[in-house]
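Peer 1: model this:
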Amino acid sequence: MVWFAVLLAVLGAFCLAIGAQRQGSAVKADTGGLALSAHGLLRLLRNPRWMFGLMLLGAGMAMNAVALVTAPLTVVQPIGAIALVITTVVNAKDQGLTINRATVVAISACVAGSALFVVLAVNVTQENHHVSSTDELTVVLLLALAVGLFGTLALMFKHRMSAFIYILGAGVLFGFVAVLTRIIGKHLLDPNGLGLLNVQWYSVVAIAAAGGLGSWFVQSAYSGGPPDLVIAGLTVVDPIVGIAIGIAILGELRSDVPSVTAIAMGTAATLAIVGVIALSRHHPEVTKRKKDARKASGRS
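Peer 2: As a prediction, the model looks like this:
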């Protein structure tokens with residue numbers, strides 16, 4: 001079953017990579033690099049390239065979810081980072097760009113940092129089979145704060161927000177969504193036989209709000225940055241946030257964790273985040289846009 005999960009994770013990574021590249025190119029062609037509007041999103045629903053990318057993303061997420069159920073997290077999660085490498089190569093060929101050294105270093109930091117964080121986390125965490133209503137409500141309230149914060153930023157700085165902020169917000173929001181999805185899954189499988197009656201309405205509302213805003217952020221990030229950055233957020237920021245919530249709120253941290261391991265986890269997470277920041281600044285597509293903007297301002 002482990003090899004089957006690995007195969008699914010690899011296929012899922014390919015689907016995520018190609019899907020993100022297809023959607024990213026469709027959004028750029030539609031917006032011309034400008035901020036995505038609600039009307040523009042409706043147009044994208046009629047765009048075959050964007051819809052094909054959406055189907056690939058859905059298939060990739062589904063395969064990754066099955067892989068996570070059938071194999072240990074420490075085996076499956078690092079494989080998802082392959083999508084970042086694939087997306088970078090595919091997008092560079094599609095856009096006729098040369099991958100610079102800074103991008104290679106940034107991607108290496110993302111992959112190495114996230115993989116190391118996941119491996120360390122799996123060795124120091126334990127499964128919490130019963131999540132209290134207080135812990136669940138705490139997660140929902142923190143998510144409400146995150147939705148309020150990023151939603152306010154999107155409204156106030158719609159035309160000035162960088163692609164990095166969009167993808168950071170999406171990663172944080174989808175990290176919360178993953179945690180609440182796991183909690184709801186446990187409620188549905190509770191042996192008390194109540195099924196849906198175990199599920200709290202506010203958790204469902206929170207998932208819908210966070211999923212909607214996170215999806216908007218992903219599409220907005222496509223219009224202002226390369227698709228590799230979107231994948232970086234979904235494969236680096238998302239799992240780090242999800243694991244951090246599990247440790248800090250849901251009590252999934254073992255009591256005998258060595259201090260050196262905790263420091264190593266913090267270092268690995270920092271390395272991965274720094275990699276995402278570097279990717280948002282030094283990616284060849286980003287530098288090309290900056291040069292084009294300087295030329296345009298010089299002519300004016």
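
Peer 1: got the buried residues for whichever strand or helix holds Leu11?
Peer 2: Secondary structure from DSSP states H and E places Leu11 in helix 2-31. If you call a residue buried by 16 or more other CB atoms under 10 Å, then helix 2-31 has these buried ones: 5-6, 8-10, 12-28, 30-31. No exception for glycine: its C-beta is placed from N, CA and C like everyone else's.

Peer 1: likewise for stretch 41-51?
Peer 2: Using 16+ other CB under 10 Å as the test for burial, stretch 41-51 gives 41, 44, 47, 49-50.

Peer 1: CA-only coordinates of it in CSV, if you can.
Peer 2: Provided in CSV are the C-alpha atoms of stretch 41-51 (Å, rounded to 0.1, in the frame of the first residue of the first chain):
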residue,chain,number,x,y,z
LEU,A,41,-13.4,35.2,-12.7
LEU,A,42,-16.7,34.6,-14.4
ARG,A,43,-15.0,34.8,-17.7
LEU,A,44,-12.5,32.2,-16.6
LEU,A,45,-15.3,29.8,-16.0
ARG,A,46,-15.8,29.7,-19.8
ASN,A,47,-12.0,29.4,-20.5
PRO,A,48,-11.2,25.8,-21.6
ARG,A,49,-7.5,26.1,-20.4
TRP,A,50,-8.5,27.4,-17.0
MET,A,51,-11.2,24.7,-16.6
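
Peer 1: tell me the mean pLDDT for that stretch?
Peer 2: Mean per-residue pLDDT for stretch 41-51: 84.

Peer 1: contacts for that stretch?
Peer 2: 22-23, 25-27, 30, 216, 219 (CB atoms under 8 Å, 6 or more residues apart in numbering).

Peer 1: show me which of those has the smallest pLDDT value.
Peer 2: Asp30 (74).

Peer 1: which residues does Gly195 contact?
Peer 2: Leu188.

Peer 1: with Ile183 instead?
Peer 2: Contacts of Ile183 (CB under 8 Å, 6+ apart): 131, 136, 139, 203.

Peer 1: which of the buried residues of stretch 41-51 sit farthest apart?
Peer 2: Based on CB to CB, the longest span within these runs between Leu41 and Arg49 and measures 14.5 Å.

Peer 1: run the chain-centre distance for the very next helix or strand once past the helix holding Leu11.
Peer 2: For helix 2-31, the following helix or strand on the C-terminal side (DSSP H and E) is helix 38-44. The chain centre lies 22 Å from the centre of helix 38-44; the measure is CA atoms, centre = their mean, to the nearest Å.

Peer 1: check stretch 180-200 too.
Peer 2: 25 Å.

Peer 1: buried ones in that stretch, by neighbour count?
Peer 2: 180-184, 186-187, 199-200.

Peer 1: and stretch 119-138, by the same measure?
Peer 2: So for stretch 119-138, counting by 16+ other CB under 10 Å, buried means 119-121, 124-125, 128, 131, 135-136.

Peer 1: mind showing which ranges of the chain have poor pLDDT?
Peer 2: 1-2, 31-38, 68-69, 71-77, 127-129, 290, 292-294, 296-300 (pLDDT under 70).

Peer 1: so which residues of it form helices?
Peer 2: For the chain, the helices defined by DSSP state H occupy 2-31, 38-44, 48-70, 73-80, 82-95, 101-124, 133-156, 163-188, 201-224, 227-232, 238-248, 259-282, 284-299.

Peer 1: which of the ones you listed sits most buried?
Peer 2: Greatest average neighbour count among these goes to helix 227-232 (a mean of 32), per mean count of other CB atoms under 10 Å.

Peer 1: how about residues contacting that one?
Peer 2: Outside helix 227-232, the residues that reach it (CB under 8 Å, 6+ apart) are 16-17, 20-21, 23-25, 83-84, 87-88, 91, 107, 110, 163-164, 167, 170, 218, 221-222, 275-276, 279-280, 283.

Peer 1: chain center to stretch 228-247, what's the gap?
Peer 2: Counting by CA atoms, centre = their mean, stretch 228-247 comes out at 5 Å from the chain centroid.

Peer 1: Val78 contacts Leu120, correct?
Peer 2: Heads up, residue 78 is Pro, not Val. No. If you go by CB atoms under 8 Å, Pro78 and Leu120 don't touch, sitting 11.5 Å apart.
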